[in-house]
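J.: I would like to see how this sequence folds:
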Amino acid sequence: MKIAIVGTGAFGTAIGNVLLKNGHKVHFYGVDQKEISDLKAGYNTKYFDGAKLHRKPDLVTNKIAEAITGVDYIILGVPAAACHNVLQQIVGVQRNSKVNIVNLAKGCDPFTGDLLSKTLLRDFRDSVANYAILAGPSFAQEVFDGFLTMVNIASKNDEFSNKVARSLQSENFKIIKSSTMDELQTYSIMKNVYALATGIVNAVYESYNTLTSVLALAFKETTRYVLETQSRAHAEVDFASFGDFVLTGTSFKSRNYTFGYEIGKIGLAKALKKHNNITTEGYHTLEKIVKKLGSEINKYPLLFSLYQVCFMSKPADKLLDFL
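T.: Predicted structure coming up:
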């Protein structure tokens, strides 16, 4: 297959390396000239130091039309806030044919707070043939290095899910299909938010008992959110829900967890300054989720307390004062 990856960040590069190992033709589109130069040479030193990709990509370019022409599907490897603009560029190039999209982003629409799939499929319904999400416990470095990783793929089209899964499946990268795209997206969004809370808790209490208890509370609140916002009778426990929650909420490899930890250690203002140029989607998503919940926020005491810490000057060491 021929696959285009839009974005030259860590996770997009790691997924590209999986595809290269599997023998596919891989195109990269990016805007960062250093990353473009590196990838042409078979590296991405910004994220992976001197480690080499399995082989050099077939094409690395800053021209989006070159990257996506004639490919079987396109991977969006950009932050959630950029997805709408990037997809607009893609469909502008592919005016005469519909596109197949796999989205790696784990965030909500930056303007409406809705799931990305809902916004993108609504606004580009005449231009997107198939849409899938890939989500699960998958730090980019470990995917790049070939450690065993298991993730979910979800799409409304089983045939497309199978096609993407076959292209990525390998001895060390396992793809498990899920039929609950909205649910998995919600867990993927909320785990970034609650990772701020577990990071704060670890900084303040330095207790694994406390950390895991708060992680369980966060997962419980998220499951409530899934059931109530999606009118479901039960929630599916899978790699992209429980697995990614544990991964993101307990490790310093997680940007959101690290940001939360620094809020707890050095305060919000200094943490914000330190993370000014680092993607921490949980912080930006938190405000949108709370606004969307309105008076229903009282059902989510941990979430509301986290909001108070991040946006209402509540001291970080008072995060758990609702208990």
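
J.: wait, residue 2 sits on residue 72?
T.: Yes. Assessed by C-beta atoms under 8 Å, residue 2 is found in contact with residue 72 at 5.6 Å. Where C-beta positions appear, they are placed from N, C-alpha and C, glycine not excepted.

J.: which stretches of the stretch 101-250 of the chain aren't confidently modelled?
T.: The stretch 101-250 of the chain contains residues with pLDDT under 70 at 231-233.

J.: quick one, helices of it?
T.: Taking DSSP state H, counting those that start in this stretch, the helices of the stretch 101-250 of the chain run over residues 116-123, 140-145, 158-168, 181-205, 208-229, 244-248.

J.: list the buried ones in stretch 225-234?
T.: By neighbour count on 16 or more other C-beta atoms under 10 Å, the buried set for stretch 225-234 is 225-226, 229.

J.: same check on stretch 33-50?
T.: 35-36, 38-39, 42-44, 47-48.

J.: ok so, going back, just the helices of the stretch 101-250 of the chain: most buried one?
T.: helix 181-205 (a mean of 26; mean count of other C-beta atoms under 10 Å).

J.: packing partners of that one?
T.: helix 116-123, strand 128-135, strand 149-155, helix 208-229, helix 244-248, helix 255-266, helix 281-293, helix 301-311 (3 or more C-beta pairs under 8 Å, 6 or more residues apart in numbering; DSSP states H and E).

J.: touching, residue 146 and residue 172? I think so.
T.: Yes. Look at residue 146 against residue 172 with C-beta under 8 Å: they come within range, at 4.9 Å.

J.: chain neighbours aside, what residue packs nearest to the residue nearest in space to the middle of the chain?
T.: Against the mean C-alpha coordinate of the chain, by C-alpha atoms, centre = their mean, the closest residue is residue 106 at 2.7 Å. Counting by C-beta to C-beta, 6 or more residues apart in numbering, residue 188 is the residue found nearest to residue 106 once chain neighbours are left out, at 4.2 Å.

J.: for the buried residues of stretch 33-50, work out which two are farthest apart.
T.: Pairwise distances across the buried residues of stretch 33-50 (C-beta to C-beta) peak at 15.1 Å, for the pair 36 and 48.

J.: hmm, the residue nearest to the centre of the chain is touching residue 190, no?
T.: No. Look at residue 106 against residue 190 with C-beta under 8 Å: they stay out of range, at 9.8 Å.

J.: residues in contact with stretch 20-39?
T.: 1-8, 12-13, 16, 19, 44-46, 53-64, 66-68, 71, 146, 167-170 (C-beta atoms under 8 Å, 6 or more residues apart in numbering).

J.: same thing but at 7 Å, please
T.: 1-8, 16, 19, 44-46, 53-55, 57-62, 64, 67, 71, 167, 170 (C-beta atoms under 7 Å, 6 or more residues apart in numbering).

J.: which ones among the residues you listed map onto helices?
T.: 16, 19, 45-46, 64, 67, 167 (DSSP state H).

J.: those strands in the stretch 1-150 of the chain, which residues are they?
T.: Secondary structure of the stretch 1-150 of the chain (DSSP state E, counting those that start in this stretch): strands at 2-6, 25-29, 59-61, 73-76, 99-103, 128-135, 149-155.

J.: care to break this protein down by domain?
T.: Listed by the TED database, the domain ranges of the chain are 2-179, 182-318.

J.: dump the residue contacts of residue 294.
T.: Not one residue lies near residue 294 by C-beta under 7 Å, 6+ apart.

J.: revised request: answer the last question for residue 301.
T.: Contacts of residue 301 by C-beta under 7 Å, 6+ apart are residue 322.

J.: if I look at it, how far off is residue 315?
T.: 17 Å (C-beta to C-beta, to the nearest Å).

J.: just checking, residue 100 touches residue 159?
T.: No. Contact criterion C-beta atoms under 7 Å: residue 100 and residue 159 do not qualify, at 10.7 Å.

J.: now the end-to-end length of stretch 315-323.
T.: End-to-end distance for stretch 315-323: 16 Å, by C-alpha to C-alpha, to the nearest Å.

J.: now swap in stretch 266-284 and tell me
T.: For stretch 266-284, the separation between the terminal residues is 19 Å (C-alpha to C-alpha).

J.: may I see the buried residues of it?
T.: 268, 271, 275, 279-284.

J.: return the residues in contact with residue 317.
T.: Residues in contact with residue 317, defined by C-beta under 7 Å, 6+ apart, are residue 204.

J.: hang on, the earlier thing: now the contacts of stretch 20-39: which count as buried?
T.: Applying 16+ other C-beta under 10 Å to the contacts of stretch 20-39 flags 2-8, 16, 19, 44, 53-54, 57, 59-61, 64, 67, 71, 167 as buried.

J.: got a list of contacts for stretch 101-110?
T.: Here stretch 101-110 makes contact (C-beta under 7 Å, 6+ apart) with 11-12, 15, 73-81, 83, 114-116, 119, 128, 131-135, 164, 188-189, 192, 281, 285, 288.

J.: could you tell me which of those residues count as buried?
T.: 11-12, 15, 73-81, 83, 115-116, 119, 128, 131-135, 164, 188-189, 192, 281, 285, 288.
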